[in-house]
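**Student:** have a look at this prediction, sequence included:
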Amino acid sequence: MWVLLRSGYPLRILLPLRGEWMGRRGLPRNLAPGPPRRRYRKETLQALDMPVLPVTVTEIRQYLRGHGIPFQDGHSCLRALSPFAESSQLKGQTGVTTSFSLFIDKTTGRFLCMTSLAEGSWEDFQASVEGRGDGAREGFLLSKAPEFEDSEEVRRIWNRAIPLWELPDQEEVQLADTMFGLTRVTDDTLKRFSVRYLRPARSLVFPWFSPGGSGLRGLKLLEAKCQGDGVSYEETTIPRPSAYHNLFGLPLISRRDAEVVLTSRELDSLALNQSTGLPTLTLPRGTTCLPPALLPYLEQFRRIVFWLGDDLRSWEAAKLFARKLNPKRCFLVRPGDQQPRPLEALNGGFNLSRILRTALPAWHKSIVSFRQLREEVLGELSNVEQAAGLRWSRFPDLNRILKGHRKGELTVFTGPTGSGKTTFISEYALDLCSQGVNTLWGSFEISNVRLARVMLTQFAEGRLEDQLDKYDHWADRFEDLPLYFMTFHGQQSIRTVIDTMQHAVYVYDICHVIIDNLQFMMGHEQLSTDRIAAQDYIIGVFRKFATDNNCHVTLVIHPRKEDDDKELQTASIFGSAKVSGL
Ligand SMILES: Nc1ncnc2c1ncn2[C@@H]1O[C@H](COP(=O)(O)OP(=O)(O)OP(=O)(O)O)[C@@H](O)[C@H]1O
């Protein structure tokens, strides 16, 4: 019954590098802001279990030139004349310049036509240009996708929600203002952003409008709950998080805006826009990820300032996202006491424009002086706890020994055959994943179904085989974890594995990769001396990957067979200087 492994969208299997993925309900996974997309039909492409070689931007450029398609170079995308836009559409229904309305992601080759809202993979694009699609050009695009499953619920909630100032009871207004920290946010601002309030759920409601404001695509509900002396917040999105690709604030952006501030919470955008007048957008899933499907909507900006929050995690996320957007146009507001998150800054009487002016460039040359690093060093020193990494909730002893899980590092994990390495690493990774660490699993020995079964049992903290009636409850929650699996099984080349990891970092902002285990990249045939060299090489490649991508790599390694009465030594891992000297 593990149908959800193949089709449930949050529990993702990393399939072909540029394959088409559809969600559980037939919804495209990578819905960008906009109405239901017309989706490119892809019948010529076979479902591959192995990644194909990723396309390079040079190849994309050559292809466009070779086929006489004019294009311009952008920050994350190439912008080309769209073969999907019909002349009748050239007047710009969506309010976007239609002449160069095709955005092609420079890293993945995926395309999005802002005029027709067609989208697809690089292979789809080539097939259409070469007339290899469904025959006539008109037939290339599927007709409008069926209404998404949640649309009725979205409309129902939206219709029941009312503007805050229309609440009949003044006391209720004051309570909501206090709970959400809105005392200094004006009705005018709430109105501009079309924020409403759902009384029965005591939640603010943030809408996701299609471009041009023509329709309602989804909603985010923010509930405030009293917790001791403080307030805790809980977010619910419709559709569910993996398909919720709303850049909140997009309808207020004008085509001429060249600067934008990105925030991780809708309330921060309200505060920022109100006090600075600058265009603001909120990332749909906060600091968790920046889906590439959103990149075309950010192409027009020459300057992008990240003000995601006041902790180290926000800072790390901003640096990661800036890499996707082209760091040369990105600036980061450093977290600190004098630079709290925007809503708190507004409520605390800070000058938000002044804080924005202190934003640091995200771009570093290859050689930097301490002067350029001093702010970052200060950030680490003033957040020592957070700099030590994310703490495990299930393994207090690990926290004592390792302090926490940090990005950009490599962990080697070993133990005798059958001692429980996979079982332990599964729970160790699940612990972090449940706390929001985007995780990619490479399980080369045991199948993904078996691994997911182990993980689900650990997640539910009980034997689900004895309580199948609870299966859906746990499976639904498990689906929402930022968890992805590579489909590799058995021996693989290190290059293929690294390419897949690279792709996953770009598309899903992966921060933790688990490779179980290294032996599956070593080949069968080498002699023992070669094996040491091969192992050193592979460790070097993973280590470089971890550093370059600020991603943690956990590597499971089988030790050399020792006698039963002999303890494992560092030299048991093939005696390699690199592995055992880590
Ligand atoms: N804490 C535990 N208590 C009881 N049984 C366990 C525990 N951890 C693992 N096992 C069981 O031990 C067996 C081997 O576990 P696992 O596959 O995790 O080991 P491994 O070290 O990864 O094995 P290999 O060396 O073959 O890769 C499995 O059947 C697993 O269910």
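**Tutor:** That came through, no problem.

**Student:** quick check: end-to-end length of stretch 519-530?
**Tutor:** Stretch 519-530 has an end-to-end distance of 13 Å (CA to CA, to the nearest Å).

**Student:** what distance separates the start and the end of stretch 259-275?
**Tutor:** Using CA to CA, the end-to-end distance of stretch 259-275 comes to 16 Å.

**Student:** same check, this time on stretch 481-491
**Tutor:** With CA to CA as the measure, stretch 481-491 spans 28 Å from end to end.

**Student:** how about stretch 225-239?
**Tutor:** For stretch 225-239, the first-to-last residue distance is 23 Å (CA to CA).

**Student:** next: stretch 283-302.
**Tutor:** 18 Å.

**Student:** likewise for stretch 293-301?
**Tutor:** OK, stretch 293-301 end separation, CA to CA: 16 Å.

**Student:** check stretch 385-395 too.
**Tutor:** End to end - CA to CA - stretch 385-395 spans 17 Å.

**Student:** ok, and what's touching the helix or strand hosting residue 171?
**Tutor:** In this assignment (DSSP states H and E), residue 171 forms part of helix 170-180. Identification of contacts with helix 170-180 by CB atoms under 8 Å, 6 or more residues apart in numbering yields 164-165, 167, 182-183, 185, 197, 199, 202, 204, 222, 224, 226, 231, 267. Heads up, the C-betas are built off the backbone N, CA and C, glycines and all.

**Student:** any chance of a ChimeraX selection covering the buried ones in these?
**Tutor:** Restricted to buried positions by 16 or more other CB atoms under 10 Å, the ChimeraX selection for these reads:
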select :164,167,182,185,197,202,204,222,224,267
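
**Student:** from the contacts of helix 170-180, which land in strands?
**Tutor:** 197, 204, 222, 224, 226, 231 (DSSP state E).

**Student:** ok, these vs residue 120, which is closest?
**Tutor:** residue 222 (33.8 Å; CB to CB).

**Student:** just list whatever residues bridge to that closest one.
**Tutor:** Residue 222 has these beta-bridge partners by DSSP bridges: residue 204, residue 235.

**Student:** would you mind measuring from it to the ligand?
**Tutor:** Shown here: residue 222 relative to the ligand, a distance of 40 Å by CB to the nearest ligand atom, to the nearest Å.

**Student:** with residue 417 instead?
**Tutor:** The gap separating residue 417 from the ligand is 4 Å, by CB to the nearest ligand atom.

**Student:** also residue 248?
**Tutor:** Noted for residue 248: a distance of 43 Å to the ligand, by CB to the nearest ligand atom.

**Student:** next one: residue 466
**Tutor:** Separation of residue 466 from the ligand (CB to the nearest ligand atom) stands at 16 Å.

**Student:** read off the pLDDT value for that residue.
**Tutor:** pLDDT recorded at residue 466 is 86.

**Student:** which one of the ones in strands among the contacts of helix 170-180 is nearest to residue 83?
**Tutor:** Comparing the ones in strands among the contacts of helix 170-180 against residue 83 with CB to CB places residue 222 closest, at 41.1 Å.

**Student:** among the ones in strands among the contacts of helix 170-180, list the two that are farthest apart in space.
**Tutor:** The most widely separated members of the ones in strands among the contacts of helix 170-180, counting by CB to CB, are 197 and 226 (17.0 Å).

**Student:** which residues touch the nearest residue to residue 438 once chain neighbours are set aside?
**Tutor:** Excluding the flanking residues, the one nearest residue 438 by CB to CB, 6 or more residues apart in numbering is residue 482, at 4.2 Å. Contact analysis of residue 482 by CB under 8 Å, 6+ apart lists 10, 288-289, 433, 436-439, 508.

**Student:** residue 324 too?
**Tutor:** For residue 324, the contact set (CB under 8 Å, 6+ apart) comprises 76, 107, 290, 292, 295, 506.

**Student:** widest-spaced pair of these?
**Tutor:** Farthest pair in the contacts of residue 324 (CB to CB) is 107 and 290. Separation: 12.5 Å.

**Student:** of those two, give the one with the bigger neighbour count.
**Tutor:** Neighbour count, other CB atoms under 10 Å: between residue 107 and residue 290, residue 290 has more, with 25 against 19.

**Student:** next up, the contacts around the more buried one.
**Tutor:** 283, 320-321, 324-325, 509.

**Student:** thinking again about what came up before, pick out whichever of the contacts of residue 482 sits closest to residue 409.
**Tutor:** The shortest approach to residue 409 among these belongs to residue 437, at 13.0 Å (CB to CB).
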